[in-house]
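Student: only geometry, no sequence info:
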């Protein structure tokens, strides 16, 4: 349904919160949901949901099963599920995801690759074929 918002993040168990007055330097890895309200200078990876609130900022690459962006991300994003960017969200980097929702007035500067399993299989087969061709021409 067009325009339907996800409420999955409302029911997620948040295991870590970076508070609005915090600035953290270094990489973060978590198994559950992370909510960032402050600033992180480093890569962020979660097996759960990653929530960047409107006051949140990440300077680094992010990877999670689902990503909700209300703040700013300066880096590449990877999700095997869905990325949602609200009207207050700003992304300066490339996106690789299965599903993408961008609200009106959100900012996205970069390239987006929609990766379905079929597309990934085709890309792998094309790369293998190219390698074989290079080996036979040598």
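Tutor: Okay, I see it. Because the structure is a prediction, the values reported are computed rather than measured.
Student: assign residue 68 to helix, strand or coil.
Tutor: The three-state label for residue 68, taken from DSSP: H, G, I helix; E, B strand; the rest coil, comes out as strand.
Student: from residue 77, how far off is it?
Tutor: Residue 68 is 11 Å from residue 77, where distance means C-beta to C-beta, to the nearest Å. The way it works is simple: take the backbone N, C-alpha and C, and place the C-beta from them, glycine included.
Student: okay, those two: which has more neighbours?
Tutor: For residue 68 versus residue 77, the count of surrounding residues by other C-beta atoms under 10 Å is larger for residue 77: 27 against 24.
Student: quick check, that one in contact with residue 66.
Tutor: No. Using C-beta atoms under 8 Å, residue 77 makes no contact with residue 66, being 11.1 Å away.
Student: mutual contacts of the two, please.
Tutor: Among the neighbours of residue 77, those also in contact with residue 66 (C-beta atoms under 8 Å, 6 or more residues apart in numbering) are residue 83.
Student: element containing residue 104?
Tutor: Secondary structure assignment for residue 104, by DSSP states H and E: no helix or strand.
Student: and residue 40, by the same measure?
Tutor: With elements delineated by DSSP H and E, residue 40 resides in strand 39-41, which encompasses its position.
Student: and the next helix or strand past that strand?
Tutor: Past strand 39-41, further along toward the C-terminus, the next helix or strand under DSSP H and E is strand 44-52.
Student: now for that following strand, which elements pack on it?
Tutor: Other helices and strands packing on strand 44-52, by 3 or more C-beta pairs under 8 Å, 6 or more residues apart in numbering; DSSP states H and E, are helix 8-11, strand 28-30, strand 33-36, strand 62-69.
Student: give me the low-pLDDT residue ranges for the protein?
Tutor: By pLDDT under 70, the weakly predicted segments of the chain are 1-12, 116-138.
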